[in-house]
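Q: here is my input; please provide its structure:
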Amino acid sequence: MTVLATTGITLPKNIAAGMWSKAQSGSVVAALSGAEPMQFGEVDIMTFDAPPRAEYVAEGGDKSSSGGTFGSKTVVPHKAQVTMRFNQEVKWADDDYQLGVLRTLAAAGGVALARALDLGVIHRINPLTGLAAASITGKLNDTTNRVEVAGAADLEVEAAAGLVIGDGFTPNGVAFDPGYAWTISIARYEDGRKKFPELGYDVNISNFGGLRASVSNTVSGVPEATDTKLRGIVGDWTTVRWGVQRRVPIEMIEFGDPDGQGDLKRKNQIALRLEVVYGWAFMDLNAFAAIEDAV
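A: Numbering: from 1, shown residues only. Sure thing, here's the model as predicted:
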């Protein structure tokens, strides 16, 4: 929960048209693995544990069983919410300023929910506490395919892709931590030439080695949690099945104690709440390889 009291917005002075905040990157999961429509609740996805095989049959010959065994993966719902308090006096400002403040707060909450998707899927982290979320079991970073950072990022990405291919998958994307992306963007040959001149200094990498790329500090888990030492994830992102099961409209709360911080009326505050219910499942963690610093 974020509390924006008199130290956050000084009233009754006029409110500035916008608020400044330190840039927060969004979700690499959303960028690399498209969402799909989902029913609410636990949903089973059928899988082929062993795919069937076709057979050539001679004329008049008998047909054999094509084999194939079925399995399932369960998509589990996970609710994420953001509740922000601010002074009731903001409602006294004229409509333009009031709307601007609410839009800014809603945008900040939207970024928080996007980051929550990454932190849950990749790390099983509750963003508010920085600790493991008891309601989430399993995470992308549980993959046993591991590559240790040794100072040659391009070779490390190559090795990670090789591990994914070796397990029978085709890598189609890579997620980078900003610091690791910076290391890649400034990599040079011995004669001083940049290895990747197409990459700028804004660490906004969208493609690397033919793989779609996305950059966010959710890869390492900071600042919400202690650095997990994860620097990159290469994989087949189509094997992450996720979607939004419910998107609750932005709610303005004017009464009660919605977050355990005291009665809103007594504290002369109102609250803004955003909620979303995500659902996700991993088809096979061998479809991913983690690039990590030595622990």
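Q: what about G138, which SS state?
A: Here G138 is coil, with the state taken from DSSP: H, G, I helix; E, B strand; the rest coil.
Q: run through the residues that contact it.
A: 124, 282, 285 (CB atoms under 8 Å, 6 or more residues apart in numbering). Any C-beta I mention is one placed from the backbone N, CA and C, and that applies to glycine too.
Q: the second one: how many residues sit nearby?
A: The burial count assigned to F282 is 19, neighbours taken as other CB atoms under 10 Å.
Q: D236 is in contact with that one, correct?
A: No: using CB atoms under 8 Å, F282 makes no contact with D236, being 10.9 Å away.
Q: any idea which of the contacts of G138 is least confident?
A: The lowest pLDDT within the contacts of G138 belongs to F282, with 91.
Q: bridged to it, which residues?
A: Applying DSSP bridges to F282 gives these bridge partners: V240.
Q: name the element the spatially most central residue of the chain belongs to?
A: In the chain, the residue lying closest to the centroid (CA atoms, centre = their mean) is D118, at 2.1 Å. Per DSSP states H and E, D118 falls inside helix 95-118.
Q: ok, and what's touching the helix or strand just after that helix?
A: As assigned by DSSP H and E, the chain's next helix or strand after helix 95-118 is strand 125-126. Strand 125-126 is contacted by residues 119, 131-133, 221, 224-225 when judged by CB under 8 Å, 6+ apart.
Q: I233 should be in a strand, yeah?
A: Yes: assignment of I233 by three-state DSSP places it within a strand.
Q: okay, now the closest residue in space to A153 that isn't next to it in sequence: neighbour count?
A: Leaving aside its chain neighbours, A153 sits nearest to I184 (4.6 Å; criterion: CB to CB, 6 or more residues apart in numbering). Look at I184: counted by other CB under 10 Å, it has 22 neighbours.
Q: so I184 sits against F208, correct?
A: Yes: because the distance of 7.0 Å satisfies CB under 8 Å, I184 is recorded as touching F208.
Q: need the contacts of G138 in CSV (columns: distance to V111).
A: Listed next are the contacts of G138 as CSV, based on distance: CB to CB, whole Å:
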residue, distance to V111
R124, 20
F282, 24
L285, 27
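Q: before we move on, back to that, for D259, see how far away the residue nearest to the centre of the chain is.
A: Here the criterion is CB to CB, to the nearest Å. By it, D118 lies 23 Å from D259.
Q: listing partners with orientation, what would you give for the lengthiest strand in the chain?
A: Looking across the chain with DSSP state E, the single longest strand is strand 69-87. Sheet partners assigned to strand 69-87 using DSSP bridges are listed as strand 2-4 (parallel), strand 43-50 (antiparallel), strand 269-282 (antiparallel).
Q: using CSV, list the CA coordinates for the longest one.
A: Output for strand 269-282, consisting of C-alpha atoms alone and laid out as CSV, is shown next (Å, rounded to 0.1, in the frame of the first residue of the first chain):
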residue,chain,number,x,y,z
GLN,A,269,-8.5,10.8,3.3
ILE,A,270,-9.9,8.8,0.4
ALA,A,271,-8.4,5.7,-1.3
LEU,A,272,-8.0,4.5,-4.8
ARG,A,273,-7.9,0.8,-5.4
LEU,A,274,-6.9,-1.2,-8.5
GLU,A,275,-7.3,-5.0,-8.7
VAL,A,276,-6.6,-7.7,-11.2
VAL,A,277,-6.8,-11.5,-11.2
TYR,A,278,-4.0,-13.1,-13.2
GLY,A,279,-3.9,-16.8,-14.1
TRP,A,280,-0.8,-18.6,-15.3
ALA,A,281,0.8,-22.0,-15.8
PHE,A,282,4.2,-23.3,-17.1
